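Q: Got a predicted model here, sequence first, then my questions.
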Amino acid sequence: MGKKVILINEGKLSEIKLHSIWLRERLNGSEFVDQNNLQRLYEPSLLDNNLLINMHSVDKNKLNVEFSDGAKGSFNIDDLFNEINNIDVIPEKKIWDVNSHNIKIFDNNKIFKNNDELIKMLKVFYQYGYVIIKNTKAEENEVINFAEKLGPVRSTNFGKLFNVISKPNPNDLAYTALELTSHSDNPYRKPVPGIQLLHCIANESTGGDSSLVDGFSVSNFLKLNQPEFYKILTNTTVTFKFTDIDTILVDQAKLIELDHNNNFKQIRFSGRLDYVPLLDENSLNLFYEARKYMFKLCNSDDFKIKYRLSKGMIVMFDNLRLLHGRTKFDPNTGFRHLQGCYIDHDVTEGKLRRSLQPN
Ligand SMILES: [Fe+2]
């Protein structure tokens with residue numbers, strides 16, 4: 001009898017102590033959780049803090065446990081190890097740059113006919129941060145039709161979709177014919193839109209080529225090669241701001257945000273919209289040097305893949321990971337019209353997880 005059970009997994013040569021309440025609140029029999037949604041039918045905060053494990057035994061891949069409050073059940077040992085070791089069904093991000101990469105293209109005529117092909121596309125999306133889909137209709141609103149086959153679209157003050165087209169008095173430089181250096185979209189929003197879809201209806205102008213950069217790879221490069229720059233970029237909180245006649249949107253964040261394990265979580269990079277606070281002179285000198293270096297990496301031929309969106313193509317990219325850009329174009333040489341929209345990671349990650357994970 002005790003508060004802990006020691007779980008030994010011989011295959012993985014690991015020994016882990018499992019706390020009684022930690023284990024108790026993972027019981028998933030019908031008396032403990034609703035079998036439709038696996039939500040608990042009791043308040044785990046009301047469990048006895050002195051709960052004991054009265055008995056446990058291992059039978060092949062099952063751990064059977066009886067607790068001092070009378071509850072009992074069994075656990076799949078692999079599931080416990082996967083949870084403890086943060087082993088996820090979502091594929092890990094792959095580092096890539098121009099030299100190690102080829103463009104990932106899927107066919108619209110296949111992905112919605114064959115669920116395996118859709119899942120393959122979503123896996124590639126999580127490995128590389130983007131996919132390109134060919135053979136969509138080159139018509140207005142097609143980006144919404146496509147996105148809604150995946151899940152709900154995230155509306156913003158730009159509307160449900162936005163038109164990337166050269167127009168007078170634009171409220172964003174995207175709506176001009178100017179070059180757009182590598183940037184992430186909408187760093188001033190709470191939260192930042194997770195995924196952007198851009199659909200090409202026409203791209204007949206001279207110029208207007210597209211580019212993508214993996215912010216995760218850039219961040220990793222900085223960490224390895226310029227640790228001082230990496231440190232200040234991951235520690236300095238800057239303000240991002242959007243202003244137009246109807247609204248002002250503000251958020252504060254780091255250019256490179258890390259998670260609780262100090263791993264890459266998100267990049268926000270948009271030189272048109274960021275304002276660093278008035279730090280001491282040395283910190284600002286270092287910050288500006290680091291940001292300049294990061295800008296150089298994000299616009300270098302080593303990290304920037306260049307491609308041309310043609311009629312009927314959609315690029316779908318992770319706006320928390322990748323940067324995107326385009327060369328300037330001359331609207332007098334031909335018509336260029338893209339439409340874009342945002343969806344959240346809930347849509348793609350949820351769908352992928354549902355397909356790959358039994359429960
Ligand atoms: Fe953009």
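A: Arrived safely. Numbers count the residues shown, from 1 in each chain.
Q: Now do residue 59 against residue 77, distance only.
A: According to C-beta to C-beta, to the nearest Å, residue 59 stands 10 Å off from residue 77. For every residue, glycine as well, the C-beta is placed using N, CA and C.
Q: Same check on residue 88?
A: With the distance defined as C-beta to C-beta, residue 88 ends up 18 Å from residue 77.
Q: Looking at residue 59 and residue 77, which is more packed in?
A: Neighbours of residue 59 and residue 77, each counted by other C-beta atoms under 10 Å, are more numerous for residue 77; the result is 19 against 9.
Q: List the contacts of the more buried one.
A: With contact set as C-beta atoms under 8 Å, 6 or more residues apart in numbering, residue 77 has these partners: 7, 9, 58, 61, 62, 63.
Q: which of those residues sit farthest apart?
A: In those, two members sit farther apart than any others by C-beta to C-beta. They are 9 and 62, at 12.8 Å.
Q: So the two - more neighbours on which side?
A: Neighbours per residue (other C-beta under 10 Å) separate residue 9 from residue 62, with residue 9 holding more: 16 against 13.
Q: Touching the strand or helix carrying residue 148 from outside, list them.
A: With elements taken from DSSP states H and E, the one containing residue 148 is helix 142-150. Residues external to helix 142-150 that are found in contact with it (C-beta under 8 Å, 6+ apart): 108, 112, 133, 136, 153, 160-161, 197-199, 201, 314, 339-341, 343, 347-348, 351.
Q: The same query, at a cut-off of 6 Å, please.
A: Contacting residues not belonging to helix 142-150 are listed as 112, 136, 153, 161, 197, 199, 314, 339, 341, 343, 347 [C-beta atoms under 6 Å, 6 or more residues apart in numbering].
Q: distance of the residue lying closest to the first one once chain neighbours are set aside from residue 208?
A: What that stands for is residue 112. The spatially closest residue to residue 112, leaving aside those adjacent along the chain, is residue 149, at 5.8 Å (C-beta to C-beta, 6 or more residues apart in numbering). Note on residue 149: its distance to residue 208, by C-beta to C-beta, is 27 Å.
Q: can you list the weak-confidence ranges in the stretch 101-250 of the chain?
A: Within the stretch 101-250 of the chain, the segments meeting pLDDT under 70 span 167-168.
Q: about what we covered before: which of the contacts of residue 77 has the weakest pLDDT?
A: In terms of pLDDT, the weakest of those is residue 9, which scores 67.
Q: For residue 134, list each beta-bridge partner.
A: For residue 134, the beta-bridge assignment (DSSP bridges) gives partners residue 107.
Q: my guess is it contacts residue 315, does it?
A: No. Judged on C-beta atoms under 6 Å, residue 134 makes no contact with residue 315 at a distance of 10.4 Å.
Q: coming back round to it: can I get the contacts of residue 77 in a markdown table with secondary structure and distance to residue 253?
A: Compiled in a markdown table, those are given as follows (DSSP: H, G, I helix; E, B strand; the rest coil; distance: C-beta to C-beta, whole Å):
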| residue | secondary structure | distance to residue 253 |
| --- | --- | --- |
| 7 | strand | 39 |
| 9 | strand | 39 |
| 58 | strand | 46 |
| 61 | coil | 43 |
| 62 | strand | 45 |
| 63 | strand | 42 |
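Q: and of the residues you listed, the nearest to residue 234?
A: Taking C-beta to C-beta as the measure, residue 9 is the one of the contacts of residue 77 closest to residue 234, at 34.6 Å.
Q: picking up where we left off before, more neighbours: residue 149 and residue 208, which one.
A: Using other C-beta under 10 Å, the more surrounded residue of residue 149 and residue 208 is residue 208, with 24 against 11.
Q: Pretty sure that one sits against residue 334.
A: No. Using C-beta under 6 Å, residue 208 makes no contact with residue 334, being 9.0 Å away.
Q: is it true that residue 317 lies in a helix?
A: No. Residue state for residue 317 (DSSP: H, G, I helix; E, B strand; the rest coil) corresponds to strand; a helix is not indicated.
Q: List the contacts of it.
A: Taking C-beta under 6 Å, 6+ apart as the definition of contact, the neighbours of residue 317 are 130, 196.
Q: Am I right that residue 132 is in contact with residue 316?
A: No. When contacts are counted by C-beta under 6 Å, residue 132 is not listed as touching residue 316 (7.8 Å).
Q: Looking at these two, which is more packed in?
A: residue 316 (24 against 18).
Q: Ignoring the adjacent residues along the chain, who's closest to the more buried one?
A: Nearest residue to residue 316, sequence neighbours excluded (C-beta to C-beta, 6+ apart): residue 197, at 4.9 Å.
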